[in-house]
Structures are given as structure tokens and as C-alpha cells.
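With the sequence up front, the predicted model follows.
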Amino acid sequence: MRNLLFVVIVAAALAACSTTPTTEAPVEDHGTSGATAPGTGAQTGGAQGSGVNGSNLGGGAGADELRNPNSILSKRSVYFDFDSFVVKDDYKPLVEAHARYLQSHPNARMTVQGNTDERGSREYNIALGQKRADAVKRMMTLLGARDGQIETTSFGEERPKNPGHDESAWAENRRDDIVYAGE
Amino acid sequence: MIPLFRRWLAAVALSFLPLGAQVAHAQLSIEIVGGAASAIPIAIVPFDAEGTWPLAISQIVGADLSRSGMFRLVDTAGVVPRPVRAADVQYPVWRARSADAVVVGSMLPTPDGRADVRFALVDVVKQTPLVQMSFVVAPAQFRITAHKIADIIYEKLTGDRGVFSTRIAYITKQGSRYQLLVADADGYGPQSIVSSNEPLLSPRWSPDGTRLAYVSFENKKPVVYVQSLETGARRAVANFRGSNSSPAWSPDGRKIAVTLTKDGGSQVYLMNPDGSGVTRVMTSQAIDTEAFFTPDGQSLVFTSDRGGTPQIYRASLLGGQVERLTFEGSYNVSPKPLPDGKGLVFVRRDGGRFEIATLDYATHQVQVLTSGPNDESPSVAPNGKLVIYASEGGGRGILAAVSIDGRVKQRLVAPATDVREPAWGPFPRS
């Protein structure tokens, strides 16, 4: 009887998880969030998180700084030239400001997410996006942030901010997004 | 011949996915848009009694051969009585219709509910049968049998091994939903392998066709997974700091090459298919990625910008030598070795257009196969004769295929769906 109840509960849980009738082979969860579950999707780029965990950001004052639209810290994106991973002079003040924030808030953590425009190999673009993220991280650690405060990753061309197919869309997609933990 | 075929059938049945309730996934439809310079005219006469079955084998055979671009179907209407065996074929009739070859056959029922499938391939010019075969199969195996017959005819008349019994993997995107699907090479019967709200890319077949490696962003970063097609069991095999991507199997299936950024920049590593035993292949200060094993398993071809721009290189796994392979233009990426070991297929950027091209190692000649403007992700059929790739059409992503000599062109489209990242599966095990 207990076995039957277990089966019913599992079946109900599975039914709740899947949003479509499925022929997918069953997904075995090895501790990662299963791909078949609806993604919660961390916001990329300039997200103004509403459920900010104050302690992660080093206190209430720190969180306000990051979200103050008058502060350079509310700007979270660094844009790049085509095929380039060099941080342009225009964005150095922004990178510097975030580096100083990390330096003065030792418990703060961030992820720098690298992106590219849609042109060319998807795999090469993952690598290029990673290089863009690492370029910003390197600059920040030189300016006083600790290595352990900054994670980097890349979405390549897979998460464009602008779905267009022209030069202005591409320019918007060649970017790093800075996302603080807890946002 | 017959006992081998039975064993092959059994092996293929085991390697297919367990079929659950079929859901109508967006089916790929394939159209020829360019044919071979000299397509072989062949008449495929409807098989005797095939109308009494749910599937007419001769129709699938005809569709396979026609879709290959190497054959032109000759009209079979009005030939009375309908020929069923090689001895029935009247050569003058078919020469008058300009057929070089004729296929005839029958699907007679057996007492136990199966079909006795017989076919004959006849050479009209030489006036002689070339192949005659018979096998008893259950209706569930009619489709596989038809593809096998098409393979036999294709090989007999072109000299090349047919790929009608193979499968393709590909990724679809509808809104924010991504799926990795596997379908027959003719687009039939797509089955969902993974479904996600985050991007999926780079599906790569294990050499024995039982597993797929791929990259998933479900963890909000690129992670390499390996999944069994038979059981559905999946495992994250490379999830190091930064990015993990571009999996590629060794020809013996024992290693996977991957691109990892865990030690700094994008570099090439080897590991076991379960993720253990990670070793670095080479060290550079550049982006090294898209590493693929050559068919002899002794080298990797890969993309690197160590020379300033993305180009293709080859690294020996035995002696550590690295050699640059592409020299024209400023962007040559996505190398995929040809099965005969004589060259590779790749993507080149030419004046802003991304095109599929081939490179011959001996002559260093580059032959451009497509015109873009945004062609990418080539994958070579296991017979080395066709290249499937991602392209654009009608405002969305489609798949396309081109023959290695550039003449035969196919488009593979799914309605209202973005299709990308094709991977041509291996020959079925036999």
C-alpha cells in the first residue's frame, strides 16, 4: 500500500513538473536543476532585483547604492567592439566603480556574464564571451576586488539582449553583464 | 547476406529509443533544391501487395533515392502486367522510358502476421539482375527495411555507402523553449531527448550511436552533459568554473575532447565520457576550441586565434606538434574532419558572409560549397558524401544539406520553429 502511495506521489510530482506530454527519456537528476523543469532564469543585464538579500550585498546601504539610478553602480553592462574583448576607455569608470564597491564590501559577490553578437560559430562565441567576462574581471581584481568575489561565465550568442539582425542590435549584444549575488 | 541482415535488424532495434506515447513534434520536411549533374534514372515499381499494409516500402525507397539527389525517378504507371520479380522485367519497356535501372518487389503476408519482403534491382542497360533479396519482417520494421533496401540500391549503383538508415540530432527553439531532437535521416519520427528553457547546443554523437554529448545552459552557464539514448540517463560531465563546451568523441568512444576555461582561457582537454580523467592537451595564450578527432584518432583539428584571428589548426596527440591548416581570410572555424581522413569541412567568413567550405589536406585547396549569408555548424554524413548544416530561410533557422561536390542541395524545414545545430549520426551498428 505504501509502495502504491509512493508511486502515486511520484507520478503526481512528475505530472506537475512537466508542462507537455512528453516522449523525453526520463531525466536523471544528478544534483543539477533538471533541464525539463521550467527555468527560473536569472535576469541578465541591468536587472533591478526586487528580492535582494541585504546581507549578501554587505548591508542595506550597499544595496541601495547598487540600485540607485543616479549611481554609476546601477549600470551593469560593458559593451565591446566586433571581435574584440578589450574594455574600452568609455567603460573604465564603470568597471572601476564596481571594483571599488567589491573592495569596500568584502562579502559582496558578482558574476560577470560574457555575450557576443550572433555572427559566426556558436562555440567560438562562447569562448569569446568568456574572454570578455575575464577581461572585466581582471581589470576589477587589479583595482582591488578579490578574485573569489567574481565569477565569470559566457552565454556566447545564446542570450541576446536585442533579437534584431542589424548593426545596432549586434552592438547591444556584444557585452558583459554584471550580476550581483542575491539579485 | 540474409543472416547478416537479421543480425543487423536486431542490433538496430536495440539501439533505438524506447518508444513511449508518440507526440507530434514539429516534423522536418526535406526538399531537394539542386540535383546531381547526372542523376541516375531509376524506376521503382510499387511492390506487389504493398497496398494492403500500413506502409508501402517502395514509396520510402523511392523517396530516399530521390532525396539523395543522385537518382531521378522514372514514371512506372501503365506497365501491365506489373513486374514483381526480376524475371518479369521487360527491358525494352524500360529502355523506352530511359530508365537505367528498375526495382521490383513484393510484400506478401506470412501466416504469423509478418511480411515476406522481396525485391530485385535490375540493370536495364546490361539486362541483368544486380541484387535479389528477401527477408521476413514485422510491420514495425518496415521503415527500417525500406531504408536498408535504399542503402543497398544506392551502394550498388553509386559505389558509395548509403546513409538512409542513419539518424540526425538537432536543436529546435520555439519562443524560450529549446529541445534536442533525434529523427531519422529523412526527418521522420523526431523524438525529444532533452527539453529546456535555457539554451542547448553542440549535440555530438558517440561513435556507437548510443549516447549524445551536448552543452546545456540550465545551470546558467555552459555545462557539458552526456546522455544515454537507450535509458535517458544524463550526467553533467564537465562543470568547472567558467565555461564548459564543445564536446567531441574519439573514434573509439573512450575519450571526449572538450573546451574548458577552468585554468584561465578557453583551452582543449581530454576526459573520459563520465567526466573523470581530465587532462590538458596543449597550452596557449589564445582561444583554443572546437577540437575534433581525426578519423585515425591520432590528431585533433581545432579552432584557435593564436595567430591573431580564428583559424583552423591540427595538433598531433602523439608528438604534440601543432600545424596551421587555413591561411585564406580572417575567420575560419568549426572544423569537422571527413571520414576518409583526407580533409575537413569548415566555416569561413568571406566579406561578411559565412559559408561552408572544404579543405583538402594534400592540395591545400579550399572549395566553397554554400553561399551563406549565415551558414554554420556543419556535420558530415558518415559516408563522407553529404554535409548537413544550419542556415536561414523564411526568417528563421533551418537546416540544409549539400553534397561534398556542392551539386546536390537540400533544405530541411520545420514549421514555426527555429532549427539549428545539426549532428549526423553514425552508421547503425551491424
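In hand now; what should we look at?

In the chain, mark out all the helices, start to finish.
By default, I'm working from chain A. Taking DSSP state H as the criterion, chain A carries its helices at A:2-17, A:60-67, A:92-104, A:122-142, A:167-173.

try again with chain B
Secondary structure of chain B (DSSP H): helices located at B:2-15, B:57-67, B:91-96, B:142-158.

Out of those helices, flag the one nearest residue B:78.
helix B:91-96 (9.6 Å; Cβ to Cβ). Any C-beta I mention is one placed from the backbone N, CA and C, and that applies to glycine too.

In CSV, list the C-alpha atoms belonging to the closest one.
What follows is helix B:91-96, C-alpha atoms only, in CSV (Å, rounded to 0.1, in the frame of the first residue of the first chain):
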residue,chain,number,x,y,z
TYR,B,91,13.9,-4.4,-70.7
PRO,B,92,12.6,-2.7,-73.9
VAL,B,93,9.7,-1.2,-72.0
TRP,B,94,12.1,0.4,-69.5
ARG,B,95,14.7,1.4,-72.1
ALA,B,96,11.9,3.2,-73.9
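
Return the set of buried residues in that helix.
By neighbour count with 16 or more other Cβ atoms under 10 Å in any protein chain shown, helix B:91-96 contains the buried residues B:91, B:94.

returning to what we had before: out of the helices of chain A, nearest to chain B?
Of all these, helix A:122-142 sits nearest to chain B, with 3.8 Å by Cβ to the nearest Cβ.

Keeping just the C-alphas, turn that closest one into CSV.
Coordinates of each C-alpha in helix A:122-142 appear next as CSV, following Å, rounded to 0.1, in the frame of the first residue of the first chain:
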residue,chain,number,x,y,z
ARG,A,122,28.3,29.4,-31.6
GLU,A,123,31.2,27.6,-29.9
TYR,A,124,33.8,30.2,-30.8
ASN,A,125,31.4,32.8,-29.4
ILE,A,126,31.1,31.0,-26.1
ALA,A,127,34.9,31.3,-25.9
LEU,A,128,34.9,35.0,-27.0
GLY,A,129,32.2,35.8,-24.4
GLN,A,130,34.2,34.1,-21.7
LYS,A,131,37.2,36.2,-22.7
ARG,A,132,35.1,39.4,-22.5
ALA,A,133,34.0,38.4,-19.0
ASP,A,134,37.5,37.5,-17.9
ALA,A,135,38.8,40.9,-19.2
VAL,A,136,36.4,42.8,-16.9
LYS,A,137,37.3,40.5,-14.0
ARG,A,138,41.0,41.0,-14.5
MET,A,139,40.5,44.8,-14.5
MET,A,140,38.5,44.6,-11.3
THR,A,141,41.0,42.5,-9.5
LEU,A,142,43.8,44.9,-10.5
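
Residue B:90: neighbour count?
13 (other Cβ atoms under 10 Å in any protein chain shown).

er, residue A:75 I mean
Neighbours of residue A:75 (other Cβ under 10 Å): 15.

Look up the closest residue to it, ignoring the ones flanking it.
residue A:94 (5.5 Å; Cβ to Cβ, 6 or more residues apart in numbering or on different chains).

Kindly tell me how buried the one you found is, as a neighbour count.
If you count neighbours by other Cβ under 10 Å, residue A:94 ends up with 18.

My read is that it contacts residue A:78, right?
Yes: the pair residue A:94 / residue A:78 is scored as a contact, 6.4 Å apart, by Cβ atoms under 8 Å.

most packed of the helices of chain A?
Ranked by average neighbour count under the criterion mean count of other Cβ atoms under 10 Å in any protein chain shown, the helices of chain A are headed by helix A:122-142 at a mean of 25.
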